[in-house]
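Asks: Fold the following.
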Amino acid sequence: RGVVSEQQLQVFSGALREALAEHYKHHWFPEKPFKGSGYRCIRINHKMDPIISKAASQIGLSLPQLYQLLPSELTLWVDPYEVSYRIGEDGSICVLYEATASKAAGPKAASSCGMLTCKNQLMLGCTSPSKNYIMTVS
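Replies: As a prediction, the model looks like this:
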């Protein structure tokens, strides 16, 4: 299992926020939170999502290292008022972050409010008890 330092995590978090804000610039609709949600879906399905690999490259993580750190099947939905995820095709959908309308003004809003609300649940292993996954974006 790979390990990322706190400093690397901070750089990755910033790079991921910037990449998502740019990527979602014309696909963010707070008045209709689920409009465009398919476009805002981040997916790892034995193939790494390019947005995640781009952010990881900024901290020097190779693709094989990234595959060690993240589940092989992960779906992350980033919507104006909620960020949720599912590990595996049959896993439960868990909410990482929820916001009120005043906190969800733009694509960076979900990442501007400190640690994610389900951080303690991110020591997952939900679909594979033998492997723990840690993923935090603050």
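
Asks: The protein: helices as residue ranges?
Replies: 6-23, 50-57, 63-69 (DSSP state H).

Asks: wait, which of the ones you listed is closest to K32?
Replies: When the helices of the chain are ranked by distance to K32, counting by CB to CB, first place goes to helix 6-23 at 18.3 Å. To be clear about C-beta, it is placed using only N, CA and C from the backbone, and glycine gets the same treatment.

Asks: Which strands and helices lie in contact with the closest one?
Replies: helix 50-57 (3 or more CB pairs under 8 Å, 6 or more residues apart in numbering; DSSP states H and E).

Asks: ok and the helix it packs on relative to helix 6-23, angle-wise?
Replies: Angle, helix 50-57 to helix 6-23, by axes from the mean of the first three to the mean of the last three CA atoms, to 10 degrees: 150 degrees.

Asks: Flag every buried residue along helix 50-57.
Replies: Residues 51-53, 55-56 are the ones in helix 50-57 that count as buried (16 or more other CB atoms under 10 Å).

Asks: swap in stretch 62-78?
Replies: 66-67, 70-71, 73-78.

Asks: Pick the one among those closest to V4.
Replies: L66 (9.9 Å).

Asks: so what's the closest one scoring on pLDDT?
Replies: At L66, the pLDDT value in this model is 90.

Asks: Contact partners for it?
Replies: 48, 52-53, 56 (CB atoms under 8 Å, 6 or more residues apart in numbering).

Asks: which two from those residues end up farthest apart in space?
Replies: Using CB to CB, the contacts of L66 span at most 8.3 Å, a distance reached by M48 and A56.

Asks: returning to that earlier point: identify whichever of the helices of the chain lies nearest to S84.
Replies: So among the helices of the chain, helix 6-23 is nearest, using CB to CB, at 14.8 Å.
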